[in-house]
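K.L.:
A predicted structure for the sequence below; I have some questions about it.
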Amino acid sequence: MATDIQKLMGTSEEDDDEEMDMDVKEEDDEDEENGGKNIAAQIIAGGGGGMASNNSDNQFQHQQQFQEQVTTPAGGARRSRPLEEKERTKLRERHRRAITARILAGLRRHGNYNLRVRADINDVIAALAREAGWVVLPDGTTFPSRSQGSRPAGGTSAAVTSSSSHLVSQQTPPASLRGVSPGYQTSVEYNTCRMKGVFMPNPSPYDLSASTQPQIPAVVGEGGEQTESSLHIGGSMDIINDKQIIDIPPIPKLPERDFAGTSFIPVYVMLPLGVINMKCELVDPDDLLKQLKVLKSANVDGIMVDCWWGIVEAHTPQEYNWSGYGRLFQMVRELKLKLQVVMSFHECGGNVGDDVCIPLPHWVAEIGRSNPDIFFTDREGRRNPECLSWGIDKERVLRGRTAVEVYFDYMRSFRAEFDEFFADGIISMVEVGLGPCGELRYPSCPVKHGWRYPGIGEFQCYDQYLLKSLKKTAEARRHPFWARGPDNAGFYNSQPHETGFFCDGGDYDGYYGRFFLNWYTRILVDHGDRVLSLAKLAFEGTQIAVKLSGIHWWYKTASHAAELTAGFYNPCNRDGYAAISAMLKKHKAALNFSCSELRMVDQQVDFAEALADPEGLVWQVLNAAWEVGIPIASENALPCHDRVTYNKILDKAKPSNDPDGRHFLSFTHLRLSPLLMERQTFMEFERFVKRMHGEAVVELKV
């Protein structure tokens, strides 16, 4: 860390040590002047001498340690600072300098800011204020310039949207929420002039999360006991009987939209992954029946369930076992619920959220052992048996059948087996799995190969069948030397700026890069087109759907690297979801898009370096679909049980400012679990269902 700081800041370690010692001496002098009482007050308020403890016990121990070290060698009170506290102060200062150095480096590199070598965070704030048109005096006094005129406290800012060139103004959040979502303004300044995907959502009144509320350290109560308290803006502090009492005003209720009388959106609940075992038997039907009755009591419209290819056609080609699903569907019918089913042509296990293991059919695995090129392959030759490569869609390598024929035979068998449920309308939607996790994307981020968020992932086109297609396309373009994958695209956990392909001005936007990415995404769209053509025949008269994942990390960079490796050709100068929307429109398929509950505030707090923008991505994808008239279903990408997240979903499902009154076709809650069945959690879920149905709810915070 010290080496990085020296490189970025131009500061030697000796200089740092000298400055640290000066900081320590200055703090000692201040403590001497303030006296012992102020020391105790600083410890309680969490601000003494820059000291920060991780928990209340450590604070109390430090208080005792300070009191023991107050000595009076000459009749006067003087505090001798402990050696370990000096070291801790140095570490904190180094950490602060490291963060400042990274900020400065980013501003110099991407924003052309003229900042001095040893600039601090005050210089950064001043530079940003001057760029916004404010006047900043040497003493820090800041005021708007005359050219701005008198600006109200709630000024506006503008951002460029991705599907048009209109400027969308955004009202500054109210004072009570300004500490919650500053990222809405600052995050979009990254490469704003070059970006297509910059989006500022309307400020949501329920973006306040526990992680963004300011906290204060423990307050010492009677008998030395310490209690945790949340510091609210506007609170006051008094001292009574040598104890500090914090007067915390009541927390205002956050406003909520009233969805009474709005459009009815059916709510489904996804069943557990292992509800059907490997023998195609219903696991614990009695307990499941009780849970389904509870869901019915909350007026849930139905359930969603995966129909696993690895279970139904496990041992022999074209021998299907639907027995467990038949019993489940009958149970659902008796409860007068509806069904959404997923044709799951992928492996379960090894991904985030997977708690069971359901591999591909055994006979497919046998073929894969002798011909591993039926699976997606990365540049290092590692195979991913999670699903079949799209390169064999038209290759007869599966016991005389192509992959598309295998999918069609499976879907046709399902339709014949449960035709009565289609005729009665019990099965309301069939989602067709088109890739890993059932999503239309390449398996570019496999956890089993070491990928961790927010890595950019790797291209998955190195099996012999996809390479043959790439070679054919390159020769048709009369550039046969382009029949290769990029050799400078980094690795699974690389960041865009670390690669020659995805960095700003990188090869992704060169002649070869555009050729390769066009071919890579065309393979994805063509696969969806082929499979949906046959799904429409098998499930004629029933709504079919395709699941699209929300690859939101690195969305605020020029290349959108994570989306590119997943097959979404969506850099800053191109709409990568238009071709997918057109393909879905062709087959009258609905789009099931996850990611609708994720918030930009959360992403900035947890992974600020990922330059993620889930809200901007949702806005782009939903508009791409709605503009061509595609119905949109959705589901939560992460566990969802709190009101704040439910409100976020509602806001996306029923946009308040849409002049056409568009809304989601349905919403699926992931998933049925013991936590959902807990009383308090279920009451919150039941409230959410009512609001999705357009019903009035009691105690609405308006």
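P.N.:
Perfect, I can see it now.
K.L.:
which residues touch residue 501?
P.N.:
Counting by CB atoms under 8 Å, 6 or more residues apart in numbering, residue 501 touches 486, 488-490, 507-508, 513, 559. Glycine gets a C-beta too; all of them are placed from N, C-alpha and C.
K.L.:
Take those residues and write them to a markdown table, including neighbour count and secondary structure.
P.N.:
Output for those, formatted as a markdown table (neighbours: other CB atoms under 10 Å; DSSP: H, G, I helix; E, B strand; the rest coil):
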| residue | neighbour count | secondary structure |
| --- | --- | --- |
| 486 | 23 | coil |
| 488 | 11 | coil |
| 489 | 25 | coil |
| 490 | 22 | coil |
| 507 | 20 | helix |
| 508 | 25 | helix |
| 513 | 19 | helix |
| 559 | 26 | coil |
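K.L.:
Mind picking the two most distant members of these?
P.N.:
490 and 513 (13.7 Å; CB to CB).
K.L.:
so how far is residue 88 from residue 94?
P.N.:
Look at residue 94 and residue 88: by CB to CB, to the nearest Å, they are 11 Å apart.
K.L.:
try residue 439
P.N.:
Using CB to CB, residue 439 is found at 47 Å from residue 88.
K.L.:
by contact count, what packs against the helix or strand harbouring residue 363?
P.N.:
Assigned by DSSP states H and E, residue 363 belongs to helix 362-370. Helices and strands touching helix 362-370, by 3 or more CB pairs under 8 Å, 6 or more residues apart in numbering; DSSP states H and E, are strand 383-388.
K.L.:
Export only the CA atoms of the strand it packs on, formatted as PDB.
P.N.:
What follows is strand 383-388, C-alpha atoms only, in PDB (Å, rounded to 0.1, in the frame of the first residue of the first chain):
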ATOM      1  CA  ARG A 383     -14.900 -26.500 -20.100                       C
ATOM      2  CA  ASN A 384     -18.100 -25.400 -18.500                       C
ATOM      3  CA  PRO A 385     -20.700 -28.300 -18.300                       C
ATOM      4  CA  GLU A 386     -23.400 -26.000 -17.000                       C
ATOM      5  CA  CYS A 387     -25.100 -26.000 -20.400                       C
ATOM      6  CA  LEU A 388     -24.500 -26.900 -24.000                       C
END
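K.L.:
Residue 439 and residue 88: which is more packed in?
P.N.:
residue 439 (22 against 15; other CB atoms under 10 Å).
K.L.:
which residues touch that one?
P.N.:
When contacts are counted by CB under 8 Å, 6+ apart, residue 439 touches 433, 547-549.
K.L.:
run the last query once more with 7 Å
P.N.:
Residue 439 is in contact with 547-549, counting by CB atoms under 7 Å, 6 or more residues apart in numbering.
K.L.:
Does anything pack onto the host helix or strand of residue 691? Which helices or strands?
P.N.:
Residue 691 belongs to helix 679-692 when assigned by DSSP H and E. For helix 679-692, the elements it packs on are helix 643-653, helix 674-677, judged by 3 or more CB pairs under 7 Å, 6 or more residues apart in numbering; DSSP states H and E.
K.L.:
Now do the buried residues in that helix.
P.N.:
682, 684-692 (16 or more other CB atoms under 10 Å).
K.L.:
quick one: which of the residues you listed is nearest residue 541?
P.N.:
Ranked by distance to residue 541 (CB to CB), the buried residues of helix 679-692 are led by residue 692 at 25.8 Å.
K.L.:
Name the nearest residue to that closest one, ignoring sequence neighbours.
P.N.:
Closest residue to residue 692 apart from its sequence neighbours, by CB to CB, 6 or more residues apart in numbering: residue 265 at 4.6 Å.
K.L.:
okay, now the one you found: neighbour count?
P.N.:
23.
K.L.:
does it sit in a helix or strand, and which one?
P.N.:
Going by DSSP H and E, residue 265 is not in any helix or strand.
K.L.:
from memory it sits against residue 649, does it?
P.N.:
No - contact between residue 265 and residue 649 fails when scored by CB atoms under 7 Å: they sit 10.0 Å apart.
K.L.:
where do the contact lists of the two overlap?
P.N.:
In contact with both residue 265 and residue 649: residue 667, using CB under 7 Å, 6+ apart.
K.L.:
quick one: residue 520 and residue 458 touch, right?
P.N.:
No - checked against CB under 7 Å, the pair residue 520 and residue 458 is beyond contact range at 12.0 Å.
K.L.:
higher neighbour count, these two?
P.N.:
Higher neighbour count among residue 520 and residue 458: residue 458, with 27 against 23, using other CB under 10 Å.
K.L.:
what's the closest non-adjacent residue to the more buried one?
P.N.:
Using CB to CB, 6+ apart, the nearest residue to residue 458 is residue 378, at 4.9 Å.
K.L.:
Count the neighbours of the one you found for me.
P.N.:
Residues near residue 378, counting by other CB under 10 Å, number 23.
K.L.:
Only the buried residues of stretch 289-304, if you could.
P.N.:
Going by neighbour count (16+ other CB under 10 Å), the buried part of stretch 289-304 is 291-292, 295, 298, 300-304.
K.L.:
try stretch 86-104
P.N.:
For stretch 86-104, by 16+ other CB under 10 Å, it's 86, 89-90, 93, 97-98, 100-101, 103-104.
K.L.:
Repeat that for stretch 305-322.
P.N.:
305-314, 317, 320-322.
K.L.:
got a list of contacts for it?
P.N.:
Against stretch 305-322 from outside (CB under 7 Å, 6+ apart): 271, 273, 275-276, 278, 280, 325, 328, 341-345, 347-348, 358-363, 399, 409-410, 413-414, 417.
K.L.:
how long is stretch 380-393 from one end to the other?
P.N.:
23 Å (CA to CA, to the nearest Å).
K.L.:
For that stretch, buried residues please.
P.N.:
Buried residues in stretch 380-393 (16+ other CB under 10 Å): 382-393.
K.L.:
Looking at those, which is nearest residue 467?
P.N.:
residue 391 (8.1 Å).
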